[in-house]
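Undergrad: whatever this is, show me its structure:
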Amino acid sequence: MTVPYSTAIAEHFRRPRNYGPLPNATANAEGVNPLCGDRVRVAILVDADGAIADARFTANACAICVASASLLTERLRGMSRDDASRLTDEDALMMLGGGVPAARKRCGTLPVEALRRAVRSLDQAEDGRGRA
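TA: Next up, the predicted model:
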């Protein structure tokens, strides 16, 4: 029998980690893929030292997108906000363990796009308060 997705995709879609709202989030952002209808919201809680203390997600999305968000939020805990902002689309696809068809790559990168948007919102808020 041929499995359509990697083990990581199947596992994190069936049993997503960190799924649900994060009421005390420092920042959150939503990503939408208008081509397939995927929606994912990534929320992060940043501590006083700039490290991500918690990360959660909610989604109405395909298996690839949900798995990507689950893997991403697992990886974020303890990561600095700056390091999180530098995660690339390729990083997101590597976490999925391969096997993402070219036509579905956006599904795998949507959560990291939302994460980068959330971190930018923190940077913009601090810039508005006079961050150097």
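Undergrad: secondary structure class for Ala53?
TA: Secondary structure, DSSP: H, G, I helix; E, B strand; the rest coil: Ala53 is strand.
Undergrad: contacting residues around it?
TA: 45-47, 77 (CB atoms under 8 Å, 6 or more residues apart in numbering). Glycine gets a C-beta too; all of them are placed from N, C-alpha and C.
Undergrad: dump these to CSV, plus pLDDT, neighbour count and distance to Asp38.
TA: Below are these laid out as CSV (pLDDT from 0 to 100; neighbours: other CB atoms under 10 Å; distance: CB to CB, whole Å):
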residue, pLDDT, neighbour count, distance to Asp38
Leu45, 97, 19, 24
Val46, 96, 20, 25
Asp47, 95, 12, 30
Arg77, 94, 14, 24
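Undergrad: show me where pLDDT drops low in the protein?
TA: Scanning the chain for pLDDT under 70 picks out the ranges 1-3, 128-132.
Undergrad: how about the helices in it?
TA: 7-14, 63-76, 81-85, 89-95, 105-128 (DSSP state H).
Undergrad: next one: the shortest one to chain centre, how far?
TA: To tie it back to what came earlier, the one meant is helix 81-85. 12 Å (CA atoms, centre = their mean, to the nearest Å).
Undergrad: what comes up buried for it?
TA: Along helix 81-85, these residues count as buried under the neighbour rule (16 or more other CB atoms under 10 Å): 81, 84-85.
Undergrad: just to revisit the earlier point, can I get the contacts of Ala53 in CSV with distance to Asp91?
TA: What follows is the contacts of Ala53, written out as CSV (distance: CB to CB, whole Å):
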residue, distance to Asp91
Leu45, 21
Val46, 19
Asp47, 22
Arg77, 16
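Undergrad: show me what contacts the residue nearest to Tyr5 when sequence neighbours are not counted?
TA: In space, and not counting its chain neighbours, Tyr5 is closest to Gly99: 5.7 Å by CB to CB, 6 or more residues apart in numbering. By CB under 8 Å, 6+ apart, the contact set of Gly99 is 4-6, 9.
Undergrad: which one of those residues sits closest to Ser121?
TA: Ile9 (28.5 Å; CB to CB).
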